[in-house]
Every structure is written in C-alpha cells, then in structure tokens.
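**Q** Got a sequence here, can you build the structure:
(2 chains)
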Amino acid sequence: MTFELPLLIFLVMTAAGAILVKDLISSVFILGTYSFTLALVWALLGAVDVAFVEGVVGAGLATVFFLLTLFTTSEKDTQIRRSPMPWTAFLALPLVALLLLYGAADLPAFGDPGSPASTHISPEYLENSVQQTGTPNVVTAILMDYRSLDTLVETIVIFTAGIACALILRKGDS
Amino acid sequence: MIQAHDSIIVRTLGRIVIPVAQLFGFYVLVFGQYGPGGGFVGGVILAASMILAILILGRHQPDSGLVTKVLQGDGLGLLIFAGVGGLCLIGGGQFLNYTHLQIPGLDDASRHFLGILLTQFGVAADVAVTGVSIAISLSAEDETEEVSHG
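**A** Prediction:
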C-alpha cells in the first residue's frame, strides 16, 4: 500500500505532461511512461493479466503506432491552438469532482467479499473452472470459455480496425 | 518509406532481439492457461517483434519474408476462432461450447482445454496480423505496394 500514492501521483503527472508538452514525440514517450505506470498500478492491485496487456499494448504497440504516424505527418504541435479555459469550467469541474467523490463513498471496499461483483457469478467461476476446463488461470478460462462469444466479437473488432486502416491509408493498391 | 536501417549496431542487435521476442511471444501465448498472458498479449508481442523486423531490416529483405507471408493471412485468426465454434455446432451443441468438440478419447475438461488453446491461437494470429498490417498502412505513404492484401 505504500507504493500506491507515489504511483498515482506519477500517473497524474505523466498524464498532464502528455497533454501539455508541445513536442509531439516527447508527448508520445510520456504517454508510454503513463501506460507503464498504469501497468504497475494494475500489478499492484493483483490484476496481472490486465497489467500485462496494458504494458504490452499501451507502452509498446501504441507508442510504435504513434511514432509511425508522426514520421509521416508533422512532429510539432503547430495547428492546434488551446483556447483559455472558460470561467464556467472553474465552477463546474469542482462540482463534478465533489459529486464523484460523494458517489465513490458508497463503493464497496477493495477486496470486499460481500460486494455485488464478488457474490454474483464469480464464486462459481472460481470454484468450478479447474474441474470444468482444466485451466488454472481463471482469467483465461473466463475469457476464452465462459465468455468466448464476447472475445470472438472483440477479435472481430480488431480485425475490422486493421481492415479499415488498410482501406483508408494504403495508396497504390489496385 | 521503410528501408533497411544502415547502422550495423542496430542491425546486429535486431538479429539477436527479434528471435528472442518472437520466442517470448509464443511462450506467453502457450503459457496463457497457466499464468498471466494469453492469445491477445502473445499476439501483440509477436506483432511488435515483426514490426521491429520491418523497421530494422526493411520490408523487402529476404530476412523479413515472414512479414510478407503474414500479411496474406489476414482473416486466418478469425477463421480459426469461428471455426472452432462451428465445429462445436457440428458436434451437436451450442456455438463455442467446447464440450461438443467431437474428439474421441478426451473427457470434457480436456476438450475445454483444447478449445481454449485453439481459440487463443486464433486470437493471437488475428492480433499479430492486424498489428503488422496497421504498421505497414501507417508507413506506406509513397510506396507502391507489392503485396496484394486480401
């Protein structure tokens, strides 16, 4: 628990830095740092699979895609002008933050066995997945067996993304 | 746009790093049923290693011939995934219910295990091909494509 606060502060700092910095290549690398820090937070919370995906996709593949995009476009943020913040934002944003904090007070505690997420269907998965699927990693068993139709549609989404990128960006194909 | 990198250090290091990264991606893919990882992460690591191969060795080098072949298998991963579901349908059950994979000599748990493994390979193939495809699309601005893309 001692690592959580520094990690979260660093997370907010990198997120703000990625938005505020003018050089877009620096912004991409700061965004990669943000993803890596987020992966550390996931790992600290015990969600190792999510941490793995966040580290590999956010800090690895997305950074490469951003860099490839920057190589074919411009590296400097010259077009976008940031208008000064309207005064309504100064009023509305703290109100929204207060509202969210008020709502967060009713959330179940971390790791609470009586929370709705832990009592609905998760115990059944945890108890039966090894006997039913022979797979010790429950996350994989849920993703690929109990919820495999969802995963199939996610795979279709990724496939569609690749096809759309090829259709829009590739020139010279007959 | 993408030519071979002319630094001998980068090329030599790439020849060492790329096979290790591919081996690690394959390990993560197969090991996903026992530890963290799985089809998606394994596919992304494979895609990253192949993008590294494109960036370092160039696209039309014989060393990166795997990339040229990989691009032609665009719907293969999806076909594997949906094909396993279709086999379950043929076996007399619901779509993607691996109990109905009609393989003699396997109990229910082993059938589920096999189904999970096969669909993970499908996801990994799909993700890897899509990653390489997007990378090539992003960098193929003024280059006439030689690879027909299906």
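**Q** count of residues packed around the residue in chain B that chain A sits nearest to?
**A** Of all residues in chain B, B:T130 sits closest to chain A, at 3.5 Å by C-beta to the nearest C-beta. No exception for glycine: its C-beta is placed from N, CA and C like everyone else's. By other C-beta atoms under 10 Å in any protein chain shown, 26 other residues sit near B:T130.
**Q** Now for it: which residues touch it?
**A** By C-beta atoms under 8 Å, 6 or more residues apart in numbering or on different chains, B:T130 lies in contact with A:I158, A:F159, A:A161, A:G162, B:A47, B:D74.
**Q** So for the residue nearest the centre of chain A, what's the nearest residue that isn't a sequence neighbour?
**A** For chain A, the residue nearest the mean C-alpha position is A:E54 (6.3 Å; C-alpha atoms, centre = their mean). Using C-beta to C-beta, 6 or more residues apart in numbering or on different chains and skipping the chain neighbours, the partner closest in space to A:E54 is A:A39 (4.2 Å).
**Q** who touches residue 99 in this structure?
**A** Because you didn't say which chain, this covers chain A. Per C-beta under 8 Å, 6+ apart, neighbours of A:L99: none.
**Q** wrong one, chain B
**A** B:C88, B:G93, B:D108, B:R111, B:H112.
**Q** picking that back up, pLDDT value on the residue nearest to A:E54, please?
**A** With respect to pLDDT, A:A39 scores 94.
**Q** What is the helix or strand hosting it packed up against?
**A** Here A:A39, judged by DSSP states H and E, is contained in helix A:24-44. If you count contacts as 3 or more C-beta pairs under 8 Å, 6 or more residues apart in numbering or on different chains; DSSP states H and E, helix A:24-44 packs onto helix A:4-20, helix A:48-53, helix A:62-72.
**Q** which non-adjacent residue is nearest B:V28?
**A** B:G37 (3.9 Å).
**Q** cool, and A:I25?
**A** That would be A:E75: by C-beta to C-beta, 6+ apart, it lies 5.6 Å from A:I25.
**Q** Confirm for me that the one you found is in contact with A:K22.
**A** No. Using C-beta atoms under 8 Å, A:E75 is not in contact with A:K22, being 10.3 Å away.
**Q** Strands of chain B, residue ranges please.
**A** Counting by DSSP state E, chain B forms no strands at all.
**Q** Report how many residues lie close to B:V10.
**A** With other C-beta under 10 Å as criterion, B:V10 counts 15.
**Q** Next up, the contacts around it.
**A** Counting by C-beta under 8 Å, 6+ apart, B:V10 makes contact with B:I56.
**Q** before we move on, what about A:A104?
**A** For A:A104, counting by C-beta under 8 Å, 6+ apart, there are no contacting residues.
**Q** What distance do you get for it to chain B?
**A** For A:A104, the distance to chain B (C-beta to the nearest C-beta, to the nearest Å) stands at 28 Å.
**Q** repeat for A:L45
**A** In terms of C-beta to the nearest C-beta, A:L45 sits 13 Å off from chain B.
**Q** Kindly report the same for A:L107.
**A** The value you get for A:L107 to chain B, if C-beta to the nearest C-beta is used, is 26 Å.
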